[in-house]
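Trainee: Need coordinates for the below:
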Amino acid sequence: SFLVSYLNLEIGMSLVFAGSLFAAAQMGGMLGRLTWGFVADRWVTPRLQLGVLGIVGSACGMLLALFTPDWSLVIMAVISVIYGATAASWNGVYFAEIARLCPRDQVGRLTGGLQFYMSVGGGLGPLLFSVLVGIIGTYAVGFAVFSLPALYVGLRLMLPRKFAAT
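Mentor: Numbers count the residues shown, from 1 in each chain. This next block holds a predicted model:
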């Protein structure tokens, strides 16, 4: 929902168009959720896919931070869809990979525990984003800063497993 505020308050789009880009991002997220599991099962390893999703999602967040009123609406829409398809749809592949890697008798405990931590992040993330926007005064910086963890994790996942663990 920060996307709508950003597009309206800083980029100057109407609420209707800003909401439409948010809806496009949500559609990208829905399509990503349906697609990424299929892709991870057939063409790439889940680890590689999660790494790519983190890097591409981070790039989209950083590009979004660069939006100005002069940008093409089509380009902004494409970036929003890709952002949604990456940043909002990775968790199915993530949980499937966790379940695959952990001992069978601990699948429920470990996936439930990880879901708890993800929920804490889902609650604290918007709060911290709001505080950052309040201090800095721009949503653009918030999008850029909050893109960095995804970039870091995405790059770590691209490393061979023996190097990523150190």
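
Trainee: Report the contact partners of residue 29.
Mentor: 84-85, 87-89 (CB atoms under 8 Å, 6 or more residues apart in numbering). Where you see a C-beta, it was placed from the backbone N, CA and C, and this is true even at glycine.

Trainee: Name all residues that make contact with the residue nearest to it when sequence neighbours are not counted.
Mentor: Nearest residue to residue 29, sequence neighbours excluded (CB to CB, 6 or more residues apart in numbering): residue 88, at 3.2 Å. Going by CB under 8 Å, 6+ apart, residue 88 touches 25-26, 28-29, 32-33.

Trainee: Put together a markdown table for those, with pLDDT on each row.
Mentor: Shown next, in a markdown table, are the contacts of residue 88 (pLDDT from 0 to 100):
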| residue | pLDDT |
| --- | --- |
| 25 | 95 |
| 26 | 95 |
| 28 | 95 |
| 29 | 93 |
| 32 | 93 |
| 33 | 90 |
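
Trainee: Throw together a PyMOL command that grabs the buried residues out of those.
Mentor: Listed next is the PyMOL selection for buried residues among these, using 16 or more other CB atoms under 10 Å:
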select buried, resi 25+28+29+32+33
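
Trainee: so residue 158 touches residue 53, yeah?
Mentor: No. Counting by CB atoms under 8 Å, residue 158 stays clear of residue 53, with 11.1 Å between them.

Trainee: Neighbour count for these two, which is higher?
Mentor: Counting neighbours by other CB atoms under 10 Å for residue 158 and for residue 53 shows that residue 53 has the greater number, 24 against 16.
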